[in-house]
Structures are given as structure tokens and as C-alpha cells.
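Asker: no FASTA, just this:
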DNA sequence: GCTTGACCTTCCAGTCACTGGAGGCCCTAT
DNA sequence: ATAGGGCCTCCAGTGACTGGAAGGTCAAGC
């Protein structure tokens, strides 16, 4: 398989696949003309990576997970630990975004949004403390 | 004011303040010895930027907001539009993270996490479709 | 006057995970 | 012979900083 076909079947862009080879996540063979020669095994790994990335795992997590996937002697506890840590990272990000969202939506609601210049959003950014003063 | 004092009072690291000068968000004067000379006005702007960044606005949004803040002829509708667009970006990110979270937490719950190698997390990443098959 | 240490300067490189583009080779069809 | 599409490598850019090296400046203490 050439890279184009692997890209189609894995859903990853060719650029990304080359990048994954660069950083050692896949090691396709080469044809005599220099083209990468992917086997089913490589395609499988790339699909695995694509799925792991859509779940938000970092590249380093992906590397670890791929290693565990190919290690017959793994313990599921190792996989679970990686996933749980990632889950906590996600939860932390959600919390931060929701905190931003709360503040911002209050401000947006308070802003009349017309032709006049006065604006509670700017006042807040400029450091007014409308309630705790 | 030297950069250290501005850093303390704005809560931004000196490196970040220099970076903001690099990209033209603040333009401090200079002392004869080459040190940056910040006025109250600069500190105010930096605090504004720090607050806007904690609300998740991009640097380019911050530039726009700062411009509006300093423009007496602004209309609050312009500010509100920037904020609303950012709010939608945040909502989209939250949705994506919650979708990841849902999938991942199902998988984590399904994984017994012991010494045995079989693991539903890896099975999912490898492309099994446990239910729709 | 000298040293020490804190503070300041610039510049370069690295982060993360790609992505775009230039310049050029390879392959197939016409 | 040529046109096109696919493939190759290498370099640079993204966003928003952050770390570190190499060196100038300043105030305090001896």
C-alpha cells in the first residue's frame, strides 16, 4: 500500500502519517523507488492512533498505549491507569472552560450590545470589581 | 516602573510581558540604560490582557478588545460580538471534551484493571465495534 | 573600590501536533 | 514526448509562551 491508500483507509492525512513515521510511531517498509510500503499491520496501527487521538490522548500516551497493545504480557491495569489520568486531564479542562463560560456569559448578558460605548465586558476586563467592592 | 514590578502588579511573568511588547500589545518607553520604563497606562493594559487571557480570549481577540477599550467611539455591540463568538468557541470545545469524556469513562468503567491483559479500552482503540456488530 | 547578587537586556531554541509549500522524482496514460 | 497525479524530502510556520545562555546594570556591603 502507498501512503495515499493508507490515508484513505485510516482517515489520517498523508502529512500526519509521515509525521508519525518521523517520530517513530510506525515503521513502514520502502519500495525500491523510495515510496513507503505499508502493510496491513501498519494500517491497523495508524487507525489505532487516529482513534486514540480523537479521544484526546497525547502522542506520548498514544505511544504508550500502542506499546501496551502490542505487548502480550501487559496488564489491563496499566492501560486503565493511562486512561484514568487522561480522564482527569479532560475533567480539569472542562472545569476551566465552564468557569470561563460562566463568567463570560454573565458579561455577555449584561452588555446591551448597541451603538453606545459603555460596556460591562470591557469594564470587567479593565479590572472593575462590580460586586465585591 | 521596571519589568519586575509590573510583573508583580499585573500577575504576568516578565517573559510574557516582553513577548507582548514583541507582538505590539504594549509599547513601554526605555530608560537610558535600556531597561523598559512602564507607565501606569502600560500596567493597566497588561492587567487587561491578563484578565482577557484567563477568560480564554486569543491574543488576536485581546488585540481587538484592547483597541475597542481605547476607542472612545466604540459601540458595545462590537465588543459583545467578539465575546459571543468566543463563547461559541468555548461551547464547542466543551462539547468535544464531554464527548471524549463520555466514551472514555465508559471504557474505563468496562476495564477491570487487573493483572490480565485483555482490556476493552485497547479493543476499542483497535477498532472493535462491540455493540453495532 | 570591589564584589556579590539581583535585576535587566537580547537572542535562540523548544514546546505540541501537525500543516503548508517549494522543489523535484516516479509512474501511467495518451 | 508530455501531462497529470502521486510520491519524496526539507524547511518554515502555527499559538502563546517558556527556558536558557551570555552579558550589561545597579545598589548594598566590606
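Answerer: Looks like it arrived, so ask away. Note that the structure is a prediction, hence the values are computed from the model and not measured.

Asker: Next to DNA strand C in this structure, residues from chain A, please.
Answerer: A:13, A:15-16, A:18-19, A:31-34, A:53, A:58-60 (C-beta under 7 Å from any atom of the strand). (C-beta placed from N, C-alpha, C; glycine too.)

Asker: Reformat the residues you listed as TSV; add distance to DNA strand D, secondary structure and neighbour count.
Answerer: Below are the residues of chain A next to DNA strand C laid out as TSV (distance: C-beta to the nearest atom of the strand, whole Å; DSSP: H, G, I helix; E, B strand; the rest coil; neighbours: other C-beta atoms under 10 Å in any protein chain shown):
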residue	distance to DNA strand D	secondary structure	neighbour count
A:13	10	coil	11
A:15	8	helix	10
A:16	12	helix	16
A:18	6	helix	14
A:19	9	helix	13
A:31	8	coil	10
A:32	12	coil	6
A:33	8	coil	6
A:34	5	coil	6
A:53	16	helix	16
A:58	13	coil	12
A:59	13	helix	14
A:60	15	helix	10
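
Asker: my guess is residue A:69 contacts residue A:48, does it?
Answerer: Yes - the pair formed by residue A:69 and residue A:48 meets the contact definition of C-beta atoms under 8 Å, at 6.6 Å.

Asker: shared neighbours of the two, which are they?
Answerer: Residues touching both residue A:69 and residue A:48 by C-beta atoms under 8 Å, 6 or more residues apart in numbering or on different chains: B:125-126.

Asker: what about the residue in chain A positioned nearest to DNA strand D, which SS state?
Answerer: Chain A approaches DNA strand D most closely through residue A:4 (2.7 Å), counting by C-beta to the nearest atom of the strand. Assigned by DSSP: H, G, I helix; E, B strand; the rest coil, the conformation of residue A:4 is helix.

Asker: how many neighbours does it have?
Answerer: 11 (other C-beta atoms under 10 Å in any protein chain shown).

Asker: for chain A, which helix is longest?
Answerer: helix A:76-110 (DSSP state H).

Asker: Can you tell me what sits against stretch A:99-106?
Answerer: A:124, B:54-56, B:83, B:86-87, B:90-91, B:94.

Asker: For these, give me CSV that also has neighbour count and pLDDT.
Answerer: What follows is these, written out as CSV (neighbours: other C-beta atoms under 10 Å in any protein chain shown; pLDDT from 0 to 100):
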residue, neighbour count, pLDDT
A:124, 21, 96
B:54, 14, 96
B:55, 22, 97
B:56, 19, 96
B:83, 24, 97
B:86, 21, 96
B:87, 18, 96
B:90, 19, 97
B:91, 13, 96
B:94, 18, 97
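
Asker: Mark out where each domain of chain A begins and ends.
Answerer: A:1-57, A:75-133 (automatic domain parsing).

Asker: what's the closest of those to residue B:128?
Answerer: domain A:1-57 (10.4 Å; C-beta to C-beta).

Asker: from the residues of chain A next to DNA strand C, which two are the most distant?
Answerer: Most distant of the residues of chain A next to DNA strand C, by C-beta to C-beta, are A:32 and A:58, 36.2 Å apart.

Asker: Nearest residue to the residue of chain A closest to DNA strand D in space, please, no chain neighbours.
Answerer: residue A:14 (6.6 Å; C-beta to C-beta, 6 or more residues apart in numbering or on different chains).
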